[in-house]
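> 3D, please:
(one chain, ligands or ions: 1)
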Amino acid sequence: MVVLVDTVSASQVRPRHPEKVNRPDALSPPKPDWIRVRAPNTRGYADTRKIVKENGLVTVCEEAGCPNIGECWDKKHATFMIMGDTCTRACAFCNVKTGMPGALDASEPEHVAEATFKLGLAHIVITSVDRDDLADGGAEHFAQTVRAIRARCPTTTIEILTPDFLRKDGALEMVAAAKPDVFNHNLETVPSRYLTVRPGARYFHSIRLLQRVKEIDPTIFTKSGIMVGLGEERHEVLQVMDDLRSADVDFLTIGQYLQPTRKHHAVMRYVTPDEFAGYEKVAYTKGFLMVSASPLTRSSHHAGDDFAKLQAARAALSR
Ligand code: SF4
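From the prediction side, this is the model:
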């Protein structure tokens, strides 16, 4: 069974999700046998945790209660979440704290770069909370972080997983100009579920954002992901694949949604490993360079290995 490690809420006084506390409990079916993870108790896990804490960093691994934390941190793969631990959106699936965030920490880009160096990462994934409160949505801070990592760790490849920068003109261009190796923006779910699952976002805005990245710089790999088990139909998942291919997106991830608390969206269904394998097969036929679809697939899971495969797939195409 999955062990969701609550590494963040023990000392909270204010609820993490004030907008959700009065909601009725949403009950999910029991987890199936195929969702299994290792408990986070290895030496590598402890070392990673030490480096994260010493540099005062926030990780999405902890904040989202990611089930893969034991495996990833054992290999020193952590995904840093910049611009604080508080998000201005309140998506129904997400365990990141909601509320009004504090001011940006100007030293954070350097700290992230230092932690990347200490962890010896060949490939780093950086994500962030949504910062609708900032005029540029945090775009310049993102760009500064990419530049700081490039300066400290010139051989490390950089993957960013950004918010949608909705109504933030010029923000996307600012981030793309920093030339990350991979630009990831997750659609999270199919369009029919947006109002319930991701109410602050707009499906076609997110598609267009990914398309724009490729228009600005075709050398940047683009990537997106969805969760399944949120009430979507199979034909809707296939439509999402077509929409992403129309935007020239290279890499698709599909993983099982897991409910962080009973106040979050219920799991409507556990998609079987065979169905995931079917999605992966179809996605490759639609032309993605790289596809990862499995119950425990997450955007940043095995991101380094997958980046190498992505490069190889592009190289094979140009031969
Ligand atoms: S899958 Fe991503 S978010 Fe989850 S533990 Fe691994 S690096 Fe962190």
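
> contacts, neighbours, all on C-alpha from now
Fine.

> Residue 226 in helix, strand or coil?
strand (DSSP: H, G, I helix; E, B strand; the rest coil).

> what's across from it in the sheet?
Beta bridges link residue 226 to residue 188, residue 254, judged by DSSP bridges.

> pretty sure it contacts residue 255?
Yes: between residue 226 and residue 255 there is a contact at 6.7 Å, judged by C-alpha atoms under 8 Å.

> all strands for the stretch 101-250 of the chain, in order.
123-128, 157-161, 182-184, 221-228 (DSSP state E, counting those that start in this stretch).

> Turn those into CSV, including mean neighbour count and mean pLDDT.
As requested, the strands of the stretch 101-250 of the chain are exported to CSV (neighbours: other C-alpha atoms under 10 Å; pLDDT from 0 to 100):
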stretch, mean neighbour count, mean pLDDT
strand 123-128, 22, 97
strand 157-161, 24, 98
strand 182-184, 24, 98
strand 221-228, 24, 98
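
> To residue 78, which of these lies closest?
Nearest of the strands of the stretch 101-250 of the chain to residue 78, taken as C-alpha to C-alpha: strand 123-128 at 7.7 Å.

> which outside residues touch that closest one?
Strand 123-128 has contacts (C-alpha atoms under 8 Å, 6 or more residues apart in numbering) with 60, 77-84, 116, 156-163, 300, 303-304.

> Can you list which of those are found in helices?
Applying DSSP state H to the contacts of strand 123-128, the entries found in helices are 60, 116, 303, 304.

> check contacts around the last one.
Which is residue 304. 122, 123, 124.

> among the strands of the stretch 101-250 of the chain, which is nearest the ligand?
When these are compared by C-alpha to the nearest ligand atom, strand 123-128 sits nearest the ligand, at 7.6 Å.

> So the closest one, near the ligand or not?
No: counting by C-alpha under 6 Å from any ligand atom, the ligand is not contacted by strand 123-128; separation bottoms out at 7.6 Å.

> Could you check the angle that strand makes with strand 157-161?
Interaxial angle of strand 123-128 relative to strand 157-161 (axes from the mean of the first three to the mean of the last three C-alpha atoms, to 10 degrees): 30 degrees.

> mind checking how far the closest residue in space to residue 261 that isn't next to it in sequence is from residue 64?
In space, and not counting its chain neighbours, residue 261 is closest to residue 95: 8.0 Å by C-alpha to C-alpha, 6 or more residues apart in numbering. Distance, residue 95 to residue 64, using C-alpha to C-alpha, to the nearest Å: 5 Å.

> if I look at those two, which residues touch both of them?
residue 260.

> What is the burial count for the residue of the stretch 151-300 of the chain found nearest the ligand?
Closest approach of the stretch 151-300 of the chain to the ligand (C-alpha to the nearest ligand atom) occurs at residue 300, with a separation of 3.9 Å. Residues near residue 300, counting by other C-alpha atoms under 10 Å, number 24.

> Test my guess that it contacts residue 81.
No: using C-alpha under 8 Å, residue 300 is not in contact with residue 81; the gap is 11.8 Å.

> who's in contact with the residue nearest to residue 178 when sequence neighbours are not counted?
With C-alpha to C-alpha, 6+ apart as the criterion, residue 178 has its nearest non-adjacent residue at 5.3 Å, and that residue is residue 143. The contact partners of residue 143, by C-alpha under 8 Å, 6+ apart, come to 174, 175, 176, 177, 178.

> Kindly recompute the last result at 7 Å.
By C-alpha atoms under 7 Å, 6 or more residues apart in numbering, residue 143 lies in contact with 174, 175, 178.

> List the contacts of the first one.
If you count contacts by C-alpha under 7 Å, 6+ apart, residue 174 has them with 139, 140, 143.

> and the nearest residue to the first one once chain neighbours are set aside, how many neighbours does it have?
With C-alpha to C-alpha, 6+ apart as the measure, residue 171 is the residue that lies nearest to residue 139, at 5.2 Å, once sequence neighbours are left out. In terms of burial, residue 171 registers 20 neighbours under the definition other C-alpha under 10 Å.

> how much space between residue 171 and residue 316?
Applying C-alpha to C-alpha to residue 171 and residue 316 gives a distance of 33 Å.

> mind listing what the closest residue to residue 189 other than its chain neighbours touches?
Distances taken as C-alpha to C-alpha, 6+ apart place residue 226 nearest to residue 189, at 5.0 Å, with adjacent residues excluded. Residue 226 is in contact with 186, 187, 188, 189, 253, 254, 255, counting by C-alpha under 7 Å, 6+ apart.

> Could you list the low-confidence segments of the protein?
For the chain, applying pLDDT under 70 flags the ranges 1-13.

> which residue ranges form the helices in it?
43-54, 60-63, 69-74, 108-119, 139-152, 171-176, 194-197, 203-216, 234-246, 273-285, 303-318.

> Nice, that's everything, thank you.
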